[in-house]
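A.B. asks: coords please:
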Amino acid sequence: MPGLSNPFVTMRRGISHAVRPYPVASLPTGRRLELPGRGTTFITDSGQPDGPVIFLLHSVSTTGLLCWYPVIPELEREYRVITMDHRRHGRGIESDTFSLDDCADDVIAVADALGIDQFVAAGFSMGGGIAQLAWRRHTDRVSGLVLCSTGPYFSSIDPGRLALEHRIGKALTFVDRVLPNPSDRALDNATGHPIKWALAQVVSTPLGLQGVFGEAMGNFDSRPWLGEITAPTAVVVSTHDKIVQPERQQLLVDGIPGARRFDVAGGHACCVVGAEKFVPQFDAAVREVTRAVAPV
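C.D. replies: Reported below is the predicted structural model:
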C-alpha cells in the first residue's frame, strides 16, 4: 500500500491543489519568526487577539497557508489563528535532519515566541501526528486536539520501500534544480489566479525530500499511548480517503478517551479539494473542543 510519502502521490495531490483550487481570499499577512536555538520559520498570526488560540499544523509537502487557507477566514471570526511552515517545508526552519518530534517541539517554540501559554493543536495528515506529539511531549501546553485525515501511524518502515523512496527522492532533486525557488513575493501574492499562488506554495518544498519525510512519518506511532491523551479531542474523518483509510482514522476515535468523530465526504486532500464540505465540519470540530477546554 502506498505511503503518504510516495512522491507521485504527493505530486498528484499538489496538482489537485493547483488545478481545482478553493477560492483564495483574505489571506493573513505572514512574517518570519526567529526561534532561539532552532532557526527561522514562517508564520501567520490573525483573528481575535483575545480569542482561544488554534494552531493549524499542515500536511506533508505543503505549507501552512496552502493546507489551511480555506478555513482561516471562518476561524478568524472567533479565534486567534496561527499557521506555521514546518521545518524543511516552504519557508520553515532549514535543518539537516527531519523528525516529527522536532516539528512538535518547533510548535511549542513558536508558542513561546508569541507569548502563548496554551492552545488547541489542529493537524491535517502529517500535522495530525505532529499535534499528537505536541501533546505527548508538552502536555501542559496543548489544551485540545483536532485531528483531521490522520491516524495513530502513517506507513510501514520496511527497509526496501524506504530505500526506494529515498532513490526516487534523489532522482527528483533534478526537478528541484530545474524549478526556480519561489520568491517571497510569489508566495505572498494571491491576487492573481489561484493556480499561480498554489503552484508557488507546492514547489517551495523540495520534491527531493520525499524519502526523508517518508522515513520520519514511518517512525511515528502513537498507538501505545493514545489512551493516555486527556485533552478534549475531535477527529475529522475523510470518509473517501485512500491514503489514510477511514478505518485507520477511526483508531483515533476508539483509542482517545472521549474523542468525537466528525465526517467529511471527501478524499485525502479534502481540506482544499472539497473544502466546501470540509470547512463546516472542521469548524464544528473546533467548536466542540474549544467549548470543552473553556474555563468553567
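A.B. asks: what about the stretch 151-296 of the chain, any weak spots by pLDDT?
C.D. replies: Within the stretch 151-296 of the chain, the ranges that satisfy pLDDT under 70 run 156-180, 296.
A.B. asks: can you give me the strands for it?
C.D. replies: For the stretch 151-296 of the chain, the strands defined by DSSP state E, counting those that start in this stretch occupy 233-238, 260-264.
A.B. asks: Could you dump these into a markdown table with mean neighbour count and distance to Leu35 added?
C.D. replies: (C-beta placed from N, C-alpha, C; glycine too.) Formatted as a markdown table, those follow (neighbours: other C-beta atoms under 10 Å; distance: least, C-beta to C-beta, whole Å):
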| stretch | mean neighbour count | distance to Leu35 |
| --- | --- | --- |
| strand 233-238 | 27 | 27 |
| strand 260-264 | 18 | 32 |
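A.B. asks: need those strands in CSV with distance to Tyr79, can you?
C.D. replies: Shown next, in CSV, are the strands of the stretch 151-296 of the chain (distance: least, C-beta to C-beta, whole Å):
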stretch, distance to Tyr79
strand 233-238, 14
strand 260-264, 17
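A.B. asks: What residues does the residue nearest to Phe119 when sequence neighbours are not counted make contact with?
C.D. replies: Of all residues beyond its chain neighbours, the one nearest Phe119 is Val53 (3.9 Å), with distances taken as C-beta to C-beta, 6 or more residues apart in numbering. Neighbouring residues of Val53 by C-beta atoms under 8 Å, 6 or more residues apart in numbering: Tyr79, Arg80, Ile82, Ala111, Ile116, Gln118, Phe119, Val120.
A.B. asks: Mind exporting the C-alpha coordinates of stretch 248-260 to CSV?
C.D. replies: What follows is the C-alpha trace of stretch 248-260 in CSV, where atoms were taken according to Å, rounded to 0.1, in the frame of the first residue of the first chain:
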residue,chain,number,x,y,z
ARG,A,248,-7.1,3.9,10.4
GLN,A,249,-8.6,7.3,11.3
GLN,A,250,-11.2,5.5,13.4
LEU,A,251,-8.4,4.1,15.6
LEU,A,252,-8.0,7.7,17.0
VAL,A,253,-11.7,7.8,17.9
ASP,A,254,-11.6,4.4,19.5
GLY,A,255,-8.3,5.0,21.3
ILE,A,256,-8.5,8.5,22.7
PRO,A,257,-10.9,8.7,25.6
GLY,A,258,-14.0,10.8,24.8
ALA,A,259,-12.9,11.6,21.2
ARG,A,260,-15.8,12.8,19.0
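A.B. asks: Buried ones in that stretch, by neighbour count?
C.D. replies: Arg248, Gln249, Leu251, Leu252, Val253, Gly255, Ile256, Ala259, Arg260 (16 or more other C-beta atoms under 10 Å).
A.B. asks: The first one against Ser155, yeah?
C.D. replies: In this case it means Arg248. No - under the criterion of C-beta atoms under 8 Å, Arg248 is not in contact with Ser155, lying 10.3 Å apart.
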